[in-house]
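Student: with the sequence up front, the predicted model follows.
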Amino acid sequence: MNEFRKVVVAVDGSDAALRAARVAARLADSMNASLTMLHVFPMATDDASGALGFGPEALEQARQQSARKVFDETLSQLSDRPEKPEELALIGDPAEEIIEWLGNSRDILLVMGRRGQSKIGSLLLGSVSDKVIRHTHTPVTVVS
């Protein structure tokens, strides 16, 4: 088994992400690894943000507000932890940003929730966890 220095949990405020955060905290504790909460504010392109009326400052403010809300919700589920997890907020397509941020890290364990889309919905829309699993070399644990 790999020695993981860090457990990273992808959080978006969903029930699945909250379950994943609880599992990630237990895994980090059992491996004596640090815990990081990773949130990606879903904005596909600069063109889309401009079309929606988001200038750079408004976009950054929206990212910060979204991340703060999600981090606070997640922290409420992890209130028994002695140390506050690190917080990391990105912006863009969630799967692509997670994949890029992970790079080729093999000493990080990524934990993600699975939203439980139907098979047809998953095929048509794809899911963040499915895309990350297919395109990263970093170990991933998916929590249902």
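Tutor: On my side now, so go ahead.
Student: lowest-pLDDT helix or strand in this structure?
Tutor: Lowest on mean pLDDT, DSSP states H and E among the helices and strands of the chain sits helix 119-125, with a mean of 50.
Student: which residues in this structure form strands?
Tutor: Remark: strands assigned in the chain by DSSP state E are 6-10, 34-42, 86-92, 108-113, 140-143.
Student: quick one: which of these is nearest Gln64?
Tutor: Evaluated over the strands of the chain, closeness to Gln64 peaks at strand 86-92, with 7.0 Å, by Cβ to Cβ. Just so you know, the C-beta spots here come from the backbone N, C-alpha and C atoms, and that holds for glycine as well.
Student: just the CA atoms of the closest one, as CSV, please.
Tutor: Output of strand 86-92 as CSV, limited to C-alpha atoms (Å, rounded to 0.1, in the frame of the first residue of the first chain):
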residue,chain,number,x,y,z
GLU,A,86,-6.5,22.8,4.8
GLU,A,87,-8.9,24.6,2.3
LEU,A,88,-8.2,24.9,-1.4
ALA,A,89,-10.7,26.6,-3.8
LEU,A,90,-10.3,26.5,-7.6
ILE,A,91,-12.5,27.6,-10.4
GLY,A,92,-13.4,25.9,-13.7
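Student: mean confidence for that strand?
Tutor: Confidence over strand 86-92 (mean pLDDT, whole number) is 94.
Student: and the contacts of that strand?
Tutor: 8, 34-44, 59, 63-64, 66-67, 71, 97-98, 101 (Cβ atoms under 8 Å, 6 or more residues apart in numbering).
Student: now do the buried residues in it.
Tutor: Neighbour-count burial for strand 86-92 flags Glu87, Ala89, Leu90, Ile91, Gly92 (criterion: 16 or more other Cβ atoms under 10 Å).
Student: got the angle between that strand and strand 34-42?
Tutor: Orientation check (axes from the mean of the first three to the mean of the last three Cα atoms, to 10 degrees): strand 86-92 against strand 34-42 gives 20 degrees.
Student: neighbouring strands of strand 86-92 in the sheet, and parallel or not?
Tutor: Paired neighbours of strand 86-92 in the sheet (DSSP bridges): strand 34-42 (parallel).
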